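Asks: Sequence and predicted structure, then a few things I'm wondering about:
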Amino acid sequence: MTLLSVNVNKIALLRNSRGTNYPDLLAFVEKILDAGVKGITVHPRPDERHITRQDAHDIAGFLKDHPDVEFNIEGYPSDGFMRLIETIRPAQCTLVPDEPGQLTSDHGWDVRASKGLLTDVLPTLRDWGVRSSLFLDPVPALVEDVRAVGADRIELYTEHYARVFAKADSQRLQQTLEIYHQTARAAVEAGIGVNAGHDLNLQNLAALLEGGLIHEVSIGHALIVESLELGMAEVLARYLAITRNAA
């Protein structure tokens with residue numbers, strides 16, 4: 001079974017577009033949990049264009065009454081971001097190598113080049129009781145670098161997989177999947193957990209989860225778009241069925 005973590009950034013973005021509390025972010029978090037989801041993800045950006053720092057605190061407070069739900073906060077480990085993590089102490093912190101004004105995450109860590117930063121930050125997260133995860137491109141050789149800096153998990157960056165899947169080229173798709181699965185296997189063999197995220201949707205998720213190597217997936221943008229078409233209750237039920245059936 002793979003844990004589904006719903007990224008609620010786009011709900012906050014919709015709210016912020018009108019300057020009111022509609023839609024109510026916490027009300028939607030509650031709806032998501034009521035559907036059976038056991039993970040919530042946020043990625044607060046420096047400009048707070050969707051999730052704000054206050055949102056992160058509010059969700060953390062709400063989840064105190066839901067100890068079985070995992071809170072995952074993503075971001076670049078700037079001083080301000082690390083202060084947020086120190087205060088909230090989420091279950092997991094996913095570190096991403098984003099520039100401050102970046103529209104969305106579009107590459108994984110060059111772990112070796114960022115070794116100095118990561119070897120400062122990762123022990124701190126461990127001291128705070130926060131599980132660490134590094135956003136990573138699907139390259140098996142990078143896993144040894146992750147092990148060397150001491151991260152608890154990786155999050156496979158899956159945009160490339162999603163693009164290949166959409167082209168319906170079965171041979172290329174199998175080759176791409178094998179690279180992702182090789183990276184996941186290398187991580188598991190090194191004692192590192194495996195998450196995945198970015199552009200995953202109801203069509204492409206099941207194939208990625210084959211083999212049972214992925215502990216957790218975070219899905220936001222596609223889930224919200226699909227909810228406009230099918231309704232959120234139906235979409236959440238479908239995602240939960242896929243993740244529960246992961247071998």
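Replies: Good, I have the coordinates.

Asks: And the strands in this structure?
Replies: 3-7, 39-42, 70-75, 92-95, 131-136, 153-157, 193-197, 216-219 (DSSP state E).

Asks: Turn the ones you listed into CSV, columns for mean neighbour count and mean pLDDT.
Replies: No exception for glycine: its C-beta is placed from N, CA and C like everyone else's. Listed next are the strands of the chain as CSV, based on neighbours: other C-beta atoms under 10 Å; pLDDT from 0 to 100:
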stretch, mean neighbour count, mean pLDDT
strand 3-7, 24, 98
strand 39-42, 25, 98
strand 70-75, 24, 98
strand 92-95, 26, 98
strand 131-136, 24, 98
strand 153-157, 26, 98
strand 193-197, 25, 98
strand 216-219, 26, 98
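
Asks: now those strands in TSV, with distance to residue 168?
Replies: Shown next, in TSV, are these (distance: least, C-beta to C-beta, whole Å):
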stretch	distance to residue 168
strand 3-7	25
strand 39-42	29
strand 70-75	30
strand 92-95	30
strand 131-136	26
strand 153-157	21
strand 193-197	21
strand 216-219	21
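
Asks: Using the centroid of this protein, identify the residue furthest from it.
Replies: residue 171 (27.6 Å; C-alpha atoms, centre = their mean).

Asks: okay, that one: pLDDT?
Replies: Residue 171 carries a pLDDT score of 96 in this model.

Asks: how close does the spatially most central residue of the chain sit to residue 137?
Replies: The centroid of the chain falls nearest to residue 218 when counting by C-alpha atoms, centre = their mean (3.9 Å). Distance from residue 218 to residue 137, counting by C-beta to C-beta, to the nearest Å: 17 Å.
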